[in-house]
Structure formats: C-alpha cells, structure tokens
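> Predicted model, plus sequence, below.
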Amino acid sequence: MKNSDNKDAMWHSYVEEGFLEKIRPTDLIAIESGLPDVNEMDFQAAKQVLQNNLTPQGWTRLAARFRKYKQRKLAQSTTITLHKVTLEKLYALKLYLEVDDYETVFDYLLDPEEDLTDALKILFDSRNSK
C-alpha cells in the first residue's frame, strides 16, 4: 500500500469516526456557511478545501488532531483516563517493579502467574501514606 493510500484510508476513518464535527465554529472563516462536505474526498483534496474554509489556527488545530490520530492508529495505542489517586498507586508500583512504563505495570498486574501479594501491599501502603 502506497503512503498516500494509507493516508487516505486514515483520513476516511478519521472523518467516519466524526472528528470533523469537533471543529469549532470560530475556526470557520464563514461560520454561517458551515463546513463543506469532504467525506468522499481523498486527503489532499480535503486538505485544500479545508484550508480555504478554516482560519489558520483552525487548520493548524485540525492538522495536529489528525496527525495525533494517525500516530495512535499506527502505534495501536490509546489513552485511558484515571483518577489522580489511581495514577499515584500505579506510579508507586512502577517504582517498586523498577520498570520504565505503565504498560509493563499492567502486564505484571494482568499476568495470571504473578504473585501479586507484594504489589498489593505497595498499593495499599501508597494509599494509606496520604
């Protein structure tokens, strides 16, 4: 698959998932006319139309969001939202395990062969030290 085909496929996926609906009305040059329909266009054609209909800041914001979307899709990664207290517990466990990332912490916690007794003590102690 050519790079442009891949970019077009990502663009169509981005549009189908409704991300263009998140464009702010203030990012449009002519708010009353709305956003032109770019659903069936390839990325380059849509880019040209959108650059002509969005403010420079609006286009920059949309381009950054699309770039981030592509990176996440290609890396097959996602974002999770946690309460600060939960993140602090995971951080304490990360230090205990002496690992560099949270993915390794989750792998440890989800491994059925791991003895989680010490890990649970770390989590409990980090919760009670506040």
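That came through, no problem. What you see is a predicted model; the values in this text were computed from it and never measured.

> what about the helices in this protein?
Using DSSP state H, the helices found in the chain span residues 3-16, 43-53, 56-75, 84-97, 102-110, 117-128.

> What does Ile29 show for phi and psi?
phi -70, psi -40 (degrees, to the nearest 10).

> what about it, how many neighbours?
With neighbours defined by other C-beta atoms under 10 Å, the count for Ile29 comes to 11. (Glycine included, C-beta is placed from N, CA and C.)

> what does Gly58 give?
Gly58 has 19 nearby residues by other C-beta under 10 Å.

> Identify the residues contacting the closest residue to it other than its chain neighbours.
In space, Gly58 comes closest to Asp27 once its chain neighbours are excluded; the distance is 2.7 Å by C-beta to C-beta, 6 or more residues apart in numbering. Contact partners of Asp27, counting by C-beta atoms under 8 Å, 6 or more residues apart in numbering, are 54-55, 57-59, 61-62.

> Please report the distance of Asp125 from Leu93.
Distance of Asp125 to Leu93, computed by C-beta to C-beta, to the nearest Å: 11 Å.
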